[in-house]
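J.: just coords:
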């Protein structure tokens, strides 16, 4: 590792983890974005949005960045703002992971809540409306507006380049869709490089990006809740298939992966991994399937890895966890020693 002078110099070149493989040679590989600073993929697009604003003259010296965030984008912007001398205000709700909020505050971010402390409902639309209004009222402020910022997807072009540096090809790119930047930015760059992949998006049951009735859900930082608008970063022209995964299945998968492999992944990644594991036999033989793990599970020890929190919300399902454990054992790569794992 070379000597660096900025935290953002540590972004990228995240590892690949082989989680599963079939008898026909299909592999499920996880791009572990929790090895970025802040433990999440979104610092890639946070940096790109700020650099883009600077290039276009939208941020001046000592300017003020404002964003609506459920946590990981805010963490990335807090780092970039601290490095580059900007003030940063994060408009948040109590649905967000508390550790993400604490970390943003520790890095100097101002937190503005849109709901009372006893209201832990997801409030994406209210957050975005308030962030936009705050930025409009301040002449030195810039609303990065991650859902409708072209620089969002550009921030993930490097993911495609890293994948092609490590792999002969990516046949299927299957990942969660929140803003859409990570999946569609990576997919677009793969296509530009002449190496297109089949693109499968995953959202929570209750999200509206792929149609169907909307409703509440607990998966953090992903999906488009009812009342919110699907952002421009969601590029339907690149989408081959859209899937929905329930909170129960997503969280059971994250918990099962931790138990079987020792790898902690977040809830939205759990949804993607569940979709991949249950479809693995359907993919053509010798396929390389990649899922972008947008953040790690360490931020969710008080939620999806806490039995009481899960039980209080009727999300704990041992049967589903056992089903996922069985899939992980069935598809365990040959080189992984499972002696004593059961």
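T.: Ah, there it is. Just so it is clear, the model here is predicted, and its values are computed rather than measured.

J.: what's around the spatially closest residue to residue 209 that is not a sequence neighbour, how many residues?
T.: Spatially, and ignoring its direct neighbours in sequence, residue 209 is nearest to residue 224 (4.5 Å; Cβ to Cβ, 6 or more residues apart in numbering). C-beta coordinates here come from the backbone N, C-alpha and C atoms, glycine included. Neighbourhood size, residue 224 [other Cβ atoms under 10 Å]: 25.

J.: same thing with the one 4 residues further on?
T.: A total of 21 residues lie near residue 228 under the criterion other Cβ under 10 Å.

J.: hang on, isn't it packed against residue 128?
T.: Yes: here residue 228 lies in contact with residue 128, judged by Cβ atoms under 8 Å, at a distance of 7.2 Å.

J.: still on that earlier bit, and the residue nearest to residue 209, helix, strand or coil?
T.: In three-state terms, and counting by DSSP: H, G, I helix; E, B strand; the rest coil, residue 224 is coil.

J.: could you verify my assumption that it touches residue 217?
T.: No: using Cβ under 8 Å, residue 224 is not in contact with residue 217, being 10.4 Å away.

J.: touching both of these two, which residues are there?
T.: Residues touching both residue 224 and residue 217 by Cβ atoms under 8 Å, 6 or more residues apart in numbering: residue 207.

J.: then residue 204 would be within a helix, right?
T.: No: counting by three-state DSSP, residue 204 is not part of a helix but strand.

J.: bridge partners for it, pull those for me.
T.: In this entry, residue 204 is beta-bridged to residue 245, by DSSP bridges.

J.: now do the contacts for it.
T.: Residues in contact with residue 204 (Cβ under 8 Å, 6+ apart) are 217, 218, 219, 222, 223, 244, 245, 246, 247, 250, 268, 271.

J.: count the neighbours of the third one for me.
T.: By that I understand residue 219. By other Cβ under 10 Å, 28 other residues sit near residue 219.

J.: same question, the last one
T.: Burial of residue 271, expressed as a neighbour count using other Cβ under 10 Å, amounts to 31.

J.: double-check it against residue 200; I have them as touching.
T.: No: with contact defined as Cβ under 8 Å, residue 271 does not count as touching residue 200 (11.8 Å).

J.: hmm, back to that, got the contacts of residue 204 as CSV, with pLDDT columns?
T.: Below are the contacts of residue 204 laid out as CSV (pLDDT from 0 to 100):
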residue, pLDDT
217, 95
218, 94
219, 94
222, 93
223, 93
244, 98
245, 98
246, 98
247, 98
250, 98
268, 95
271, 98
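
J.: mind giving me the ChimeraX select for these, buried ones only?
T.: Listed next is the ChimeraX selection for buried residues among the contacts of residue 204, using 16 or more other Cβ atoms under 10 Å:
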select :217,218,219,222,223,244,245,246,247,250,268,271
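
J.: farthest pair in the contacts of residue 204?
T.: Using Cβ to Cβ, the contacts of residue 204 span at most 14.0 Å, a distance reached by 218 and 244.

J.: who's in contact with the nearest residue to residue 42 once chain neighbours are set aside?
T.: Sequence neighbours aside, residue 72 is the residue nearest to residue 42 in space, at 4.2 Å (criterion: Cβ to Cβ, 6+ apart). By Cβ under 8 Å, 6+ apart, residue 72 lies in contact with 38, 40, 41, 42, 43, 100, 221, 294, 295.

J.: wait, the third one touches residue 30, no?
T.: I take that to be residue 41. No: using Cβ under 8 Å, residue 41 is not in contact with residue 30; the gap is 12.0 Å.

J.: neighbour count: these two, which is higher?
T.: Using other Cβ under 10 Å as the criterion, residue 41 and residue 30 rank with residue 41 on top: 32 against 26.

J.: state the distance from that one to residue 47.
T.: Distance, residue 41 to residue 47, by Cβ to Cβ, to the nearest Å: 12 Å.

J.: please apply the same query to residue 161.
T.: For residue 161, the distance to residue 47 equals 16 Å [Cβ to Cβ].
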